[in-house]
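Enquirer: Got a sequence here, can you model it:
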Amino acid sequence: SIDWAGPSPTLPWQWDAATVYPVPNRTLSTDPAEPSQRREAVYPLNTSWVVRDGEDVLLVRMQHVFSGWIALSDMTGPVGGTVSIRQSAVPFPAGGPYTAQYNMEHQYVFSKKHTPDGIARGGAFEPRFSYGEMLWVAIVGLTQGTTPTIVGYRVGNIAAAPTAGGSLAAPTDSARGVTATFNSSLPMLNAVHKTSMETLSNLVTGGMSVDCPHRERLGYLGDAHTTLETALDNTDYARFYTKWARDIIDIQGYPAHSAGAKNPGGYIAHTAPTIDGGGGPGWSGFLCVMPHEVYLRTGDVDLLRTVYPAQQRLVEFWVANFGGDGLLSPWNSDKWSFLGDWLSPHGSEPSNTPEALLFNNCYVLYCIRLVARTAAVLGDMLSFANLETVAGKLGDAIHKRFYNASIGGYLDTRQTHLVMPLVSGAVPESYVPSVTRLLLDEISTTQAQHLDTGLHGTYFLFKFLTDASAGFGGHVDTALALILQPTAPGYLDLLNAGYTTWPEAWGPCRDRVPPSAVYKCEHWVPGSGSPTHGTLNGVGLTFVSAFAGIGRPIGGVGYQVVEFAPPFALDASGLTSASASLRTTYGVVESSWAVFPDGTRVHNITVPPNCAGRLMLSSNSILVGSSKRSVAAGFEGVRSVTPISGQIRSVVVVGSGVFSFMSPPSKTLKDSPRQAMHEFPDY
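Expert: Reported below is the predicted structural model:
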């Protein structure tokens, strides 16, 4: 018998001794996440033979950009010859040789077996481990004029999306299933949703959600915010985020950019488990944001228990580095340790700037409040009280340092500089209405319904405008206007430029003199050299909840109670219908609404077993299928109907089942802001 584990004279080789690498300040954890595997196929859009620098090149343009690899078969070339497969996510340069972008190149060697004409046929090659991002492929070394069979495959751990009209698949061990569908009456809104999902699917691979799949390919925690709620609302996530939380905990204390800081043991680097890369508190604090958002959707406290000690250490690190003014300031001169909002249309916010100081302190305040809520959920009421005290003092310090009474905003009126104080709670309660009005005016008037936000700013702006479950929302119309803005900078501008995933940046302005507002730029170049990036995907949190109307009550946890809030008023903006299905831990929730030309409103919902749904209806609504009777408690699963004082509306609570409601046209029915949950009966 052969001793496969040791040296043996019967083997044609000898095993090399394993190399032992020291891993200081590292902890190894098991990986429970679904594996990265070959997923759906991507085919060539066109192929052509070209000659450049003496090379015969088969130039291939794929259907769309994707993260994965190319499989070739039926290749023809000289015996013993080498085929070079060079990949690029952007068009190859106009001059010089076809060079692989970021070394994304594979090689295949034909058999040296003799043939009468010196030509080898039937060559086949497909990678098994090495993937990259590509739209263009240059193949060198084939016999001129021949064309092999070419198929690309996306590589990742998110399964292919359901086909149009298809049902949601059950979760499996081999893939993160897609758990939601979305469709609307606006083709461009559907295109933005599809692009957000394509971006997410191509960024999640190798057990991380990376910044981009071809260049750095690191587990950037800042970029992870933008894809977080897109992932939570559309895919199976429990195993993946459990794994990533462990990765973050494992690297805590690693001294990547913490030189000069006090209490560095609580510091968290900006990428995990890869450690390298620039960022700031808005990267480290993902360990506070992500578990909280997971908990809100499931009610499962296991992940909170896992991360809570590390969250406490991170907060202690931040507090230890507060200055005499009560604010967190840069602990060193490292330009990559204290970044603010990254890659907004008007530029990034470097470390050691007032803009970064405002952003980071608001973000830290946001995180401290989330950790306080975790403490309360876990019954640690002493820590809850202490964290709330810290948060209150930090909020006061932010307002004192940055509030500009002459304009009613913070530093200035830029969108990120207003939304960050609002979402973090730094704005005193009596100031919230005026600061909110200033933000909406900045969006609608100063920026003419254009986004002027970057990586974090875009995520938090859409959250503030639409997430009623977090106590925000009420501005879905503004969110829709931003998404459907046809000119630069914006999502439709990127789609019109040919992007099928969101790039790293909105694009640079090439005007010699910067315009007063970025949307006035006369020489705008859409996008960037990284066509698949996480920076701009914050829009993904809006579709299922804000536009299809599947949400949670304010402060609600899980989907045992579903808050249905169809935005009927958006028919004035052209959105006359939307539908979504969402597989929750309780079952599939469905919401489909429409406004007809005569003003009739229809809302169809599905509530899973052992759950309840709440929705606001006009008091003349009828329950279709029940002899078209007016909605009333006590029949067909309706638990209660509570009229709203002073309005012709009622709050309707239903049990599990399928319901179809219709509101006849009414000249007096007006849309009003959603009411607070505590104004209505318990479920």
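
Enquirer: Extract the CA atoms of the strand or helix carrying D441 and return them as PDB.
Expert: Taking DSSP states H and E as the criterion, D441 maps to helix 432-441. What follows is helix 432-441, C-alpha atoms only, in PDB (Å, rounded to 0.1, in the frame of the first residue of the first chain):
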ATOM      1  CA  VAL A 432     -35.700  68.300  13.400                       C
ATOM      2  CA  PRO A 433     -38.500  69.700  11.300                       C
ATOM      3  CA  SER A 434     -36.400  72.700  10.100                       C
ATOM      4  CA  VAL A 435     -33.300  70.600   9.300                       C
ATOM      5  CA  THR A 436     -35.500  68.100   7.500                       C
ATOM      6  CA  ARG A 437     -37.000  71.000   5.400                       C
ATOM      7  CA  LEU A 438     -33.600  72.300   4.700                       C
ATOM      8  CA  LEU A 439     -32.500  68.800   3.500                       C
ATOM      9  CA  LEU A 440     -35.500  68.500   1.200                       C
ATOM     10  CA  ASP A 441     -34.900  72.000  -0.200                       C
END
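
Enquirer: give the contact list for the most centrally placed residue in the chain.
Expert: With distances taken as C-alpha atoms, centre = their mean, T227 lies nearest the centre of the chain, 1.2 Å away. By C-beta atoms under 8 Å, 6 or more residues apart in numbering, the residues touching T227 are T199, L200, L203, V204, S209, G534, N537, G540. Heads up, the C-betas are built off the backbone N, CA and C, glycines and all.

Enquirer: try 6 Å
Expert: L200, S209, G534, N537 (C-beta atoms under 6 Å, 6 or more residues apart in numbering).

Enquirer: Tell me the secondary structure at it.
Expert: Under the three-state scheme (DSSP: H, G, I helix; E, B strand; the rest coil), T227 adopts helix.

Enquirer: Distance of it relative to P91?
Expert: 26 Å (C-beta to C-beta, to the nearest Å).

Enquirer: Just to be sure, A41 is in a helix?
Expert: No - assigned with three-state DSSP, A41 falls outside any helix and is strand.

Enquirer: burial of V476, as a residue count?
Expert: 22 (other C-beta atoms under 10 Å).

Enquirer: What score does it have for pLDDT?
Expert: pLDDT, V476: 97.

Enquirer: Look up phi and psi at it.
Expert: Dihedral angles of V476 (phi, psi; degrees, to the nearest 10) stand at phi -60, psi -30.

Enquirer: what are the ranges of the helices in this structure?
Expert: With DSSP state H, the ranges of helices along the chain come out as 187-203, 223-232, 238-251, 281-284, 286-298, 302-320, 354-377, 381-402, 415-424, 432-441, 455-466, 476-483, 491-496.

Enquirer: In the contacts of T227, find the pair that's most separated.
Expert: Greatest spatial distance among those (C-beta to C-beta): S209 and N537, at 10.0 Å.

Enquirer: who's more crowded, these two?
Expert: N537 (28 against 24).

Enquirer: neighbours around the closest residue to the more buried one other than its chain neighbours, how many?
Expert: Excluding the flanking residues, the one nearest N537 by C-beta to C-beta, 6 or more residues apart in numbering is T226, at 4.3 Å. Using other C-beta under 10 Å, T226 has 30 other residues around it.

Enquirer: was I right about T226 contacting G457?
Expert: No - the criterion here is C-beta atoms under 6 Å, and T226 misses it with G457 at 10.2 Å.

Enquirer: What separation do you get for T242 and D302?
Expert: Relative to D302, and taking C-beta to C-beta, T242 is found at 8 Å.

Enquirer: do the same with S111
Expert: On the measure of C-beta to C-beta, S111 and D302 end up 54 Å apart.

Enquirer: H114 now?
Expert: 63 Å.

Enquirer: Compare the two (neighbour count), which wins?
Expert: Per other C-beta under 10 Å, whichever of H114 and D302 has more neighbours is D302, with 12 against 9.

Enquirer: okay, the more buried one: pLDDT?
Expert: 96.

Enquirer: quick one, what contacts it?
Expert: Applying C-beta under 6 Å, 6+ apart, no residues contact D302.

Enquirer: show me the contacts for P291.
Expert: Counting by C-beta under 6 Å, 6+ apart, P291 has contacts L303, L304, V307.

Enquirer: okay, these in CSV with neighbour count and distance to V50 next?
Expert: Shown next, in CSV, are the contacts of P291 (neighbours: other C-beta atoms under 10 Å; distance: C-beta to C-beta, whole Å):
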residue, neighbour count, distance to V50
L303, 20, 53
L304, 20, 57
V307, 23, 53
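
Enquirer: Out of those residues, the closest to P162 would be?
Expert: Among these, and counting by C-beta to C-beta, the member closest to P162 is L303, at 27.1 Å.

Enquirer: Quick check: the residue nearest to W342 when sequence neighbours are not counted vs T227, distance?
Expert: Spatially, and ignoring its direct neighbours in sequence, W342 is nearest to L455 (4.2 Å; C-beta to C-beta, 6+ apart). To T227, L455 is 11 Å away according to C-beta to C-beta.

Enquirer: Which neighbours do the two have in common?
Expert: Joint contacts of L455 and T227 (C-beta under 6 Å, 6+ apart) do not exist.

Enquirer: distance of the residue lying closest to N263 once chain neighbours are set aside from V65?
Expert: The shortest distance from N263 to any non-neighbouring residue, by C-beta to C-beta, 6+ apart, is to A320 (3.9 Å). Per C-beta to C-beta, A320 is found 44 Å from V65.

Enquirer: Comparing the two, which shows the higher neighbour count?
Expert: The neighbour comparison of A320 against V65 (other C-beta under 10 Å) goes to V65, with 25 against 15.

Enquirer: contacting residues around the more buried one?
Expert: A89, L135, T500, T501, P531, T532.

Enquirer: which of those residues has the most neighbours?
Expert: T501 (29 neighbours).

Enquirer: pLDDT at the residue of the chain most remote from its centre, what is it?
Expert: Distance from the C-alpha centroid of the chain peaks at P116, with 56.4 Å (C-alpha atoms, centre = their mean). P116 carries a pLDDT value of 94.

Enquirer: Show the backbone phi and psi for it.
Expert: Dihedral angles (degrees, to the nearest 10) for P116: phi -60, psi -40.

Enquirer: what about the residue nearest to S434 when sequence neighbours are not counted, how many neighbours?
Expert: Of all residues beyond its chain neighbours, the one nearest S434 is G408 (5.5 Å), with distances taken as C-beta to C-beta, 6+ apart. Number of residues near G408 (other C-beta under 10 Å) recorded here: 14.
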